[in-house]
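Q: please find the sequence and the predicted model below.
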Amino acid sequence: MSSNDLSNYRKSYEKGELLKSNVPENPMELFQKWFYEVDNNDSIDEANAMTVSTVGLDGYPKGRVVLLKKYTYEGFIFYTNYNSEKGRAIMANPNVCLSFFWHAAERQIIIKGKAEKIVENLSDGYFESRPRGSQLGAVVSNQSEVVKNRKELEDKLQDLEKQYEGKEIPRPTYWGGLIVKPIEMEFWQGRANRLHDRIRYKLQEDYNWRIDRLAP
């Protein structure tokens, strides 16, 4: 068996800089700039992939990758089954963490915030825009529940295809959007000699953002 010791792995980060003197007052402006840049980087696939970390009902934190579907000055929106492990964890404890890591750009963003359901008509609109197969998949899957085998899911999908043939598929009430409203956002830019740039925004009581540089 080959060695599992990774202590000699080394990489020099030299693709950019992040200076407190030239960042905007609102972190969403910096997020928008970074996202635009990485989304137009041919070396990065699915720039909107992010890790959503929650505190589960069992008391353990858990992270999983989901796709960001929209961002505004208010927050970050993604969609899920509200009855899933993730959904139930958020309903019990809305304090969550989002993180983006764009390796090719040597950039990371960590976002702390509170999650809440978006209004139903927005969830309806997004559900209607999804491919029909994705709509059926949302209905078929009791997300996070134990299933006997894959055939059980495929059989249920076939039954639903017949049931909704030529018909509109309604959005399940247990499926919809969540918005994470940030209270803290940290931007990380890799730098040489491990002296990485870390700029943190913290929301203050007057709803302005305090900006600090953190030691790497």
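A: Perfect, I can see it now.
Q: so where's this protein uncertain?
A: Within the chain, the segments meeting pLDDT under 70 span 1-3, 5-14, 144.
Q: list the contacts of stretch 122-129.
A: Identification of contacts with stretch 122-129 by C-beta atoms under 8 Å, 6 or more residues apart in numbering yields 69, 79, 117, 135, 138, 171, 175, 176, 177. For every residue, glycine as well, the C-beta is placed using N, CA and C.
Q: CA atoms only for that stretch, dumped as PDB, please.
A: What follows is stretch 122-129 as a C-alpha-only set of coordinates in PDB (Å, rounded to 0.1, in the frame of the first residue of the first chain):
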ATOM      1  CA  LEU A 122     -40.700  32.200  -6.300                       C
ATOM      2  CA  SER A 123     -40.400  28.500  -5.700                       C
ATOM      3  CA  ASP A 124     -43.200  27.900  -8.100                       C
ATOM      4  CA  GLY A 125     -41.600  29.900 -10.800                       C
ATOM      5  CA  TYR A 126     -38.200  28.200 -10.500                       C
ATOM      6  CA  PHE A 127     -39.900  24.700 -10.400                       C
ATOM      7  CA  GLU A 128     -41.800  25.500 -13.600                       C
ATOM      8  CA  SER A 129     -38.500  26.500 -15.300                       C
END
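Q: what's the neighbour count on residue 166?
A: 4 (other C-beta atoms under 10 Å).
Q: re the thing from before, may I see the ChimeraX selection of the buried members of the contacts of stretch 122-129?
A: Selection of the buried residues among the contacts of stretch 122-129 in ChimeraX, burial being defined by 16 or more other C-beta atoms under 10 Å:
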select :79,117,135,138,171,175,176,177
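Q: in helices, which of the contacts of stretch 122-129 appear?
A: Using DSSP state H, the subset of the contacts of stretch 122-129 located in helices is 135, 138.
Q: output the contacts of stretch 122-129 in a markdown table; the columns should cover distance to residue 154.
A: Putting the contacts of stretch 122-129 into a markdown table (distance: C-beta to C-beta, whole Å) gives the following:
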| residue | distance to residue 154 |
| --- | --- |
| 69 | 27 |
| 79 | 23 |
| 117 | 30 |
| 135 | 16 |
| 138 | 16 |
| 171 | 22 |
| 175 | 20 |
| 176 | 25 |
| 177 | 27 |
